[in-house]
Structure formats: C-alpha cells, structure tokens
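Engineer: Need coordinates for the below:
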Amino acid sequence: MPTFYEEHSENAQPEDQTLLQKLHLFVYDRWKSLLIGGISQICIITSVVLLTYFLARQPTCEAVFATSSTSTLQTMTTSDSLSSHTKPDTTIISTRTLPISSTMPTHASDNVTCAVGFTYVNKKCWKLITGPQRRADADEACMNLGGSTLFSIRSDIENRALVDFVKDKRIENLWTGLICVGKNSFSCTWDVNSGTAAVYNNFAEGYPNNVYGDCIHYMTTGTQAGQWASGSCNETMSFVCELPATIYDDTCDYNYDRYCYTPHYFIKHSSEAQQFCAGLCSNSVSIHSGNENRFVLTLYLYTNSSILIGGIAPSYDFVLWYDGTQTTYNNIDSIANGNCLYLNDLNTRGNWFGLNCLTSRSWFICKRRIGENC
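Structural biologist: Residues are numbered from 1 along each chain as shown. Next up, the predicted model:
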C-alpha cells in the first residue's frame, strides 16, 4: 500500500506540471488579448450606463416664487377615523387605492400646509387615530394615509408638543415609530431607518428593555406623561401618523415635502421616462430618504408592480440621479441584471433593483419642486 500511493504520486506529478505549464503558456502567449478583451467589456458596460445617464439629464428650471416655512402652530381639520379613496384608471387597472395627499392653503403670508386631515405642529404634520390597533396594523394604517409613518420625536420641544397635541383626548398610550431590540438607546431605531434614539430620548426609568417587548409606546397621562416605555408589539393602542409639512399647490395631486409627484401608467425605458418628464418641467423621480421611498411606494400601492425610478447605479453604493442630486439614501438590493433602477412595489420595504437599460420598461413617476417652472 505505501508503495502504491508513492508510485501514484510520482506518476501524477508530471501530469499536474504539464497542465500547469500549458495554462502558463496559454496565458503568457495571449495575455494582451485577454487584457484587451476584459477592458473592452468594462468600457462597453460603462459607456452604456453613462450614455443613458447623459442623454437623459434633467431640465433647467427656475423658481417662480420663493417660500419659507413658519414656526407658528397651525391647526387644520383632523379626524379620528381612517379614510381612503379610489380613482378609476382605465389604462392599467380598473381601480387603485390612492394616498391622502391633497393639501389645503394655510395662511396668506406663506404656503406651508399639511395633507387633508393632518395638523401642522412644529414643522411636522400629525394625525391622531384613537381606535386601538396592534403596532403592525397601526403602521399599515399610517402607510395608507399618504405614506405617513408612526410619529417620531427628535427633541424635547417635539416631546412636549405631543403631550399638548393629545391632551383631553382620554388616551393613555400611543404607539411610536421606534423599535428597541436591546436595553440602551443605541439599540433603538426609528421606522424606515431614519435615525436612532441615541441623540434624543425620554425613556422612563428602566427603559428601554426588550424583555417587555421591542415596540416603544408614549405615555400621555399622569406623572409619566411624555415618557417612553417598552411593550409587546401585540398590545393595542391609539397612535399618531406623521408626514412632513409641504407647500400648497392647487395643481398638484400628490404633494409631499415640497415636491409634486405625478405617476404615469404607461411604460417607457429609463431614458425615455426622463425625457418625457423633462417635457413637463420635471425629472424621473429621485429618492433621498426612507420616508420619501415609503411615500413613492404608496403611489402604486397594491398594484403588484415594479416602478422605474430616475437613477442609474454603476455600483451598489453609488447612484447617478437624472436630476443631478447627490446620493443621500440607498435602498439597492441587487444590480446583477442591469444598472437602471426600479422600485419593487411587491413588498413594503420598497427595495431597488437594476435591470438592463436598453431592454427594460415600466411605469414611472415625474417629480418637480413646488414653485419651479421651465
């Protein structure tokens, strides 16, 4: 047996060396061709990406009026009941659920406003829902109200403002948009990954503590009013939905955070969509936060589709937006099949994925800043 293995090893060695020698000679003789071929492939892919991007750059727009926000409290009609409305669409589907995005004018001296049913408080828009729901159901209810989220608190001023906002409503606890998976503030993350509670928090003594549950609620009565505590996500509580304030524009059906969004229900390539939007003094939509991504997702909610967005991703960590804005938010899941970006409307996370820029087409959204014209 020892002789057999030794002889086998001796016989195999020249064969292995011969294969290695052949591979070495092959690479040595053809290294220039292999290098040129690899570089050519990279250049072709890069050229297609850059050509698509530069052929579909943003339009030049100018502001037709200047606006500024106001710090004064502003009250608008609120309702304790959830509401939605439908609108016929004969092109793609018979009906679709739309977000509550219509706005109302506020004060004559400025144009700052909130979506219908929301109340303007310290540069935010809040809506109280008194009907108790589990945390996941409360989050979904807010999602259906214009892509809003469960409220967040980022300062002591906001924390005290919420106590005033819900006083005399006979409510003890409210779901917040905060999840804590540990026993310190660094383990706490606001919904849509919009920050942690490490910078500001007002936890009651002994909290957060995920032994009691991961979901954080806000106490509104007694000596603990304004303090936060951990609890089971399956408890039922009232809640407050939150949207950013915006600027009133009576020509805009989908108004969010000072921009107007127009969904289109016919398909185009990425560059074609940008050129179409440019003709409307808009750009194919860029997305710069988890909150904005959530809002855009609601424009096609329940359609089980993938929506074209206005960006090209040369790599996982970098996006070229057609409107020329910087990459401040990234929700890319995969670009293995191409570099033109699409938003996945099949789940509530709204992940992005890439498809071939020359062959893929879909519905798209045009986005323009309120108050700008070509």
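Engineer: tell me, how many neighbours does the closest residue to Thr325 other than its chain neighbours end up with?
Structural biologist: Leaving aside its chain neighbours, Thr325 sits nearest to Ser286 (5.3 Å; criterion: Cβ to Cβ, 6 or more residues apart in numbering). For glycine as for every other residue, the C-beta is placed from the backbone atoms N, C-alpha and C. Using other Cβ atoms under 10 Å, Ser286 has 25 other residues around it.
Engineer: likewise Tyr248?
Structural biologist: The burial count for Tyr248: 17, using other Cβ under 10 Å.
Engineer: residues in contact with the residue nearest to Thr325?
Structural biologist: Contacts for Ser286 (Cβ atoms under 8 Å, 6 or more residues apart in numbering) come out as Ile309, Gly310, Gly311, Trp321, Tyr322, Asp323, Thr325, Lys367.
Engineer: ok, of these, which one's closest to Ala245?
Structural biologist: Closest approach between the contacts of Ser286 and Ala245, by Cβ to Cβ: Lys367, at 17.8 Å.
Engineer: Where does the record place the domain boundaries for the chain?
Structural biologist: Domain assignment for the chain by automatic domain parsing gives 62-67+252-373, 85-244.
Engineer: Break down this protein into its helices, ranges please.
Structural biologist: For the chain, the helices defined by DSSP state H cover 2-55, 135-143, 156-166, 270-278, 290-298.
Engineer: now for the third one, which elements pack on it?
Structural biologist: With contacts defined as 3 or more Cβ pairs under 8 Å, 6 or more residues apart in numbering; DSSP states H and E, the secondary structure elements packing on helix 156-166 are strand 119-121, strand 124-133, strand 237-244.
Engineer: let's see it at 10 Å
Structural biologist: The contact analysis (3 or more Cβ pairs under 10 Å, 6 or more residues apart in numbering; DSSP states H and E) places helix 156-166 against strand 119-121, strand 124-133, strand 173-180, strand 215-219, strand 237-244.
Engineer: Show me the shaky parts of the stretch 51-200 of the chain.
Structural biologist: Counting by pLDDT under 70, the stretch 51-200 of the chain contains low-confidence ranges at 51-110.
Engineer: Nearest approach to Leu25 belongs to which of the domains of the chain?
Structural biologist: domain 62-67+252-373 (34.4 Å).
Engineer: quick one: terminal-to-terminal distance for stretch 188-206?
Structural biologist: Stretch 188-206 has an end-to-end distance of 15 Å (Cα to Cα, to the nearest Å).
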